[in-house]
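>>> this one's structure only:
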């Protein structure tokens, strides 16, 4: 059973930056991808970004392209989400997830999920 623990959320002002981290317990899959999703109050959970195990392949939601950067440190089994130029519409509970296989933006394709870390952006 893979366990994921997110951290780094908080309350910031519009225009600020935050870096989220997600530490995974031992990952033994030969191929896997890690992703970030978010869920705002009253809305469905949505895709944010995903990255391949080696870090060479990434994909982003249009709403975060150019502002957010996903990265991975395999030695630490940790994936990061650097969020710049944060806006109030980025306010959400951010979840980390991992799937066996290649990157994918579809929530249902992910096998393991963290509990989430709250990001709140004030205007």
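All right, it came through fine. Keep in mind it's a predicted model, so treat the numbers as computed, not measured. Residues are numbered from 1 along each chain as shown.
>>> quick one: the strands in the chain?
4-7, 10-13, 18-24, 32-39, 46-52, 58-60, 68-73, 78-83, 92-100, 112-113, 117-122 (DSSP state E).
>>> of the ones you listed, which approaches residue 106 most closely?
strand 46-52 (7.5 Å; CB to CB). Bear in mind the C-beta positions are built from the backbone N, C-alpha and C, glycine included.
>>> Could you name the helices and strands sitting against that closest one?
The contact analysis (3 or more CB pairs under 8 Å, 6 or more residues apart in numbering; DSSP states H and E) places strand 46-52 against strand 32-39, strand 58-60, strand 68-73, strand 78-83.
>>> So which of these is nearest residue 107?
strand 32-39 (6.1 Å).
>>> For that closest one, buried residues please.
32, 33, 34, 35, 36, 37, 38 (16 or more other CB atoms under 10 Å).
>>> Assess the claim that the fourth one and residue 108 are in contact.
No: with contact defined as CB atoms under 8 Å, residue 35 does not reach residue 108; the gap is 12.0 Å.
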